[in-house]
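here is my input; please provide its structure:
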Amino acid sequence: MSTHIKVIFLFIFGGLLFPVFPGMGQTKGFTVVIDAGHGGKDPGAIGSSSREKDITLSVAKKLGALIEKNHKDVKVIYTRKDDSFVALDRRAAIANNAKANLFISIHCNAVPKNRNSPQGVETFILGLHRSKDNLEVAKKENSVILLEEDYSQKYEGFNPQEPESYIIFEFMSDQYLKQSLHLASLVQYSLVKNSGRINRDVRQAGFLVLREVAMPSILVELGYISNRNDEKYLKSAVGQNSMANSIYLAFNEYKRDYDKKNQIFSNEPQKQSQNTISSENTIEYRVQFLTSSQKYEANSPVFKGLSPVNCYKDGTVYKYTYGSATDLKEIITILHEVQPKFKDAFIVQFQNGVRIK
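Residues are numbered from 1 along each chain as shown. You can find the predicted model right below:
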């Protein structure tokens, strides 16, 4: 019988039942699978002097070493530890067969050479992309299946280049949504705060590798290898060490919260880091539905009847939100209320009245 704690969620078209943890109070094992994107015959994105597969492998191994050193109760499994090609379904199978508690996939982003490259880090969870940019990221990462034999049969006719193939993600239930979003927010916050990366937010998109795993999961895009400044940082030892440490700090917070919920107490004293993310303050969820360079008055027709509306300023841009909740179930209900009016609306997080970045 497995010694892993099973977390059961039900998420059906907006109805979310919150977790029940069998075996509360018992000390159980915790397994994290670290997935270094690409490898072998698949180099991933190519920069001016670096390859995605090399950067992801280096950061993945550094992250794993930090977890192994500081969490003796955690088993770390890698989908690859060398320059080898691993199919997407095999990566998921490694995690599922291990009955892992967490799946972290590490990647680098890129845009075609004929485009000006953006800069910054973004963390993805499974879902339907709400923007063209998110779709392009998913298409790029999913295109690795074209290197696999019989990919159409293995992935049930999924074609990474056809937008229609992604409709399935609209109807898929994600029983690990809350945990995935929690970890993604911690990782994004830590990479921005501790590694000084430009924030490109937590996003949703249809990644095959996340669809296949039966556990909370995230995909981290460490930066744009097509951007000169990002690439310099991504390929440097200093940058890779910093990013691995930032993801580790986020994992440390996630694991601490997990242990509290499961009443698991370690006999080893936990070292506190001044860079560790505080979990004492309540996370507030809001639905962001509109971005504009213009400041609108309350009850403006542009809000399409939504009231009351909050506004916060990001640089020179005004961003408008509706609703407020500390319960993810409640904010998802509000999101479904807003999306018929603003189809690109999405959930954002605040702490102490400030958007978490």
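
just the endpoints, please. Distance across stretch 226-243?
18 Å (Cα to Cα, to the nearest Å).

now stretch 340-354
Stretch 340-354: ends 27 Å apart by Cα to Cα.

and it, which residues are buried?
Using 16 or more other Cβ atoms under 10 Å as the test for burial, stretch 340-354 gives 342, 345-351. In short, each C-beta sits where N, CA and C put it, glycine included.

which stretches of the stretch 51-200 of the chain form strands?
Using DSSP state E, counting those that start in this stretch, the strands assigned to the stretch 51-200 of the chain run over residues 74-78, 102-109, 121-126, 199-205.

quick one: list the elements packing against the shortest one.
Same thing as strand 74-78. strand 30-36, helix 52-70 (3 or more Cβ pairs under 8 Å, 6 or more residues apart in numbering; DSSP states H and E).

what lies in contact with it?
If you take Cβ atoms under 8 Å, 6 or more residues apart in numbering as the criterion, strand 74-78 is touched by 29-36, 60-61, 64, 67-68, 94-95, 98, 100, 255.

in this protein, which spans are helices?
With DSSP state H as the definition, the chain shows helices at residue ranges 52-70, 88-97, 132-142, 151-154, 168-171, 177-195, 208-212, 228-235, 237-261, 328-338.

how many neighbours does the residue lying closest to Val192 once chain neighbours are set aside have?
Nearest residue to Val192, sequence neighbours excluded (Cβ to Cβ, 6 or more residues apart in numbering): Asn199, at 4.6 Å. For Asn199, the neighbour count with other Cβ atoms under 10 Å is 17.

so who does Asn199 touch?
Neighbours of Asn199 in contact, by Cβ under 8 Å, 6+ apart: 120-121, 188, 192, 357.

circling back to that earlier point, ok, of the contacts of strand 74-78, which come out buried?
Among the contacts of strand 74-78, those scoring as buried are 30-36, 60-61, 64, 67, 94-95, 98, 100, 255 (criterion: 16+ other Cβ under 10 Å).

related to what we said a few turns ago, which one of the buried residues of stretch 340-354 sits closest to Gly44?
Gly44 lies nearest to Phe346 out of the buried residues of stretch 340-354, by Cβ to Cβ, at 26.9 Å.

give the bridge partners for that closest one, please.
Listed by DSSP bridges, the beta-bridge partners for Phe346 are Gln288.

any stretches of the stretch 251-357 of the chain with poor pLDDT?
263-281, 357 (pLDDT under 70).

tell me where it has strands.
283-292, 309-314, 317-325, 346-351, 354-355.

dump those strands into JSON lines; add distance to Ala250 as well.
Below are these laid out as JSON lines (distance: least, Cβ to Cβ, whole Å):
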{"stretch": "strand 283-292", "distance to Ala250": "14"}
{"stretch": "strand 309-314", "distance to Ala250": "22"}
{"stretch": "strand 317-325", "distance to Ala250": "23"}
{"stretch": "strand 346-351", "distance to Ala250": "14"}
{"stretch": "strand 354-355", "distance to Ala250": "17"}
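
for those, which one sits closest to Ser180?
strand 346-351 (12.3 Å).

what's the offset of that closest one from the middle of its chain?
The gap between where strand 346-351 is centred and where its chain is centred comes out at 14 Å by Cα atoms, centre = their mean, to the nearest Å.

thinking again about what came up before, Ile46: which of the strands of the stretch 51-200 of the chain is closest?
With Cβ to Cβ as the yardstick, what comes closest out of the strands of the stretch 51-200 of the chain is strand 102-109 (10.0 Å).

report all helices and strands that that closest one contacts.
Secondary elements touching strand 102-109 (3+ Cβ pairs under 8 Å, 6+ apart): strand 30-36, helix 52-70, helix 132-142, helix 208-212, strand 217-224, helix 237-261.
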